[in-house]
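Asker: generate coordinates for the sequence data below:
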Amino acid sequence: MENNKNRKTYNQNTQRCGQSTNFQKTPHQFETQNQGHTAENQFNRGETFERVPYQQVDLVRGPLQQYSTFNRLEAALILDKIPDIDGREGSDKLRAFFRRFDLGTEEWTDAQRIRALQSKVEGKAERALNAALDSEEINAFGSQSLYAFVKRKMIAILENLDAKEAQAFDQLFNGLKRRQGENIDQLSERVYGVVCRAYPA
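Answerer: All right, here's what the predicted structure looks like:
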């Protein structure tokens, strides 16, 4: 009698379990057991959720445009081998920097190259790059690429600054003489201006 009672209880439990688990699991379904009951985690039993494939994050994502998928590790290794510049290197070293930068990034898009360039400059070089990007000529750079225009503009700005600094340094070295009719305040302002050009911050 007791065995029949146990067998009946077992069959009832088995039937209830079968009803509560009567759905087919697929590899893309979430397990419903031990799920939280917050609004974000609520879903119907057996509901299938589409998995979003892993997407690599672009190294050079910036305001210029959205970039295609880009290999962050490869880009980081390339940029790590290129020294930073601050604009005080002189014309020869500046052009050597761009030769190395161009070689390492020749397969990148213009937007990727400009964004990467922003990570390699500081001081005067950073100000020159910003001036090139803010230039009104940037909307009419013709057949050349955007990066080529920015590079050319940046080099011109830095070389022009170098020439002015060299001229100012020569003036200080040779001595500044008071001009005819120039008072002390005017002379001091002129000296201050020459010093600032010779030794820019």
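Asker: run through the neighbouring helices and strands of the helix or strand where Q186 lies.
Answerer: For Q186, the enclosing helix or strand under DSSP states H and E is helix 184-198. Here helix 184-198 touches helix 146-174, going by 3 or more C-beta pairs under 8 Å, 6 or more residues apart in numbering; DSSP states H and E. To be clear about C-beta, it is placed using only N, CA and C from the backbone, and glycine gets the same treatment.
Asker: report the mean per-residue pLDDT for the helix it packs on.
Answerer: If you average the pLDDT over helix 146-174, you get 78.
Asker: how about stretch 106-125?
Answerer: Averaged over stretch 106-125, pLDDT sits at 92.
Asker: how about the helices of this structure, start to end?
Answerer: 2-20, 72-80, 91-104, 110-118, 123-134, 146-174, 184-198 (DSSP state H).
Asker: rewinding a little: now the helix holding Q186: mean pLDDT?
Answerer: Across helix 184-198, pLDDT averages out at 74.
Asker: C-alpha coordinates for that helix, PDB please?
Answerer: Extracted C-alpha coordinates of helix 184-198, given in PDB (Å, rounded to 0.1, in the frame of the first residue of the first chain):
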ATOM      1  CA  ILE A 184      61.800 103.100 -22.800                       C
ATOM      2  CA  ASP A 185      58.400 101.500 -22.600                       C
ATOM      3  CA  GLN A 186      58.300 100.900 -26.400                       C
ATOM      4  CA  LEU A 187      61.900  99.500 -26.300                       C
ATOM      5  CA  SER A 188      60.900  97.100 -23.500                       C
ATOM      6  CA  GLU A 189      57.900  95.900 -25.400                       C
ATOM      7  CA  ARG A 190      60.000  95.300 -28.500                       C
ATOM      8  CA  VAL A 191      62.600  93.400 -26.500                       C
ATOM      9  CA  TYR A 192      59.900  91.300 -24.800                       C
ATOM     10  CA  GLY A 193      58.400  90.400 -28.200                       C
ATOM     11  CA  VAL A 194      61.700  89.300 -29.600                       C
ATOM     12  CA  VAL A 195      62.400  87.200 -26.500                       C
ATOM     13  CA  CYS A 196      59.000  85.500 -26.900                       C
ATOM     14  CA  ARG A 197      59.700  84.700 -30.500                       C
ATOM     15  CA  ALA A 198      63.200  83.400 -29.800                       C
END
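Asker: how many residues are close by E137?
Answerer: The number of residues packed near E137 is 10, by other C-beta atoms under 10 Å.
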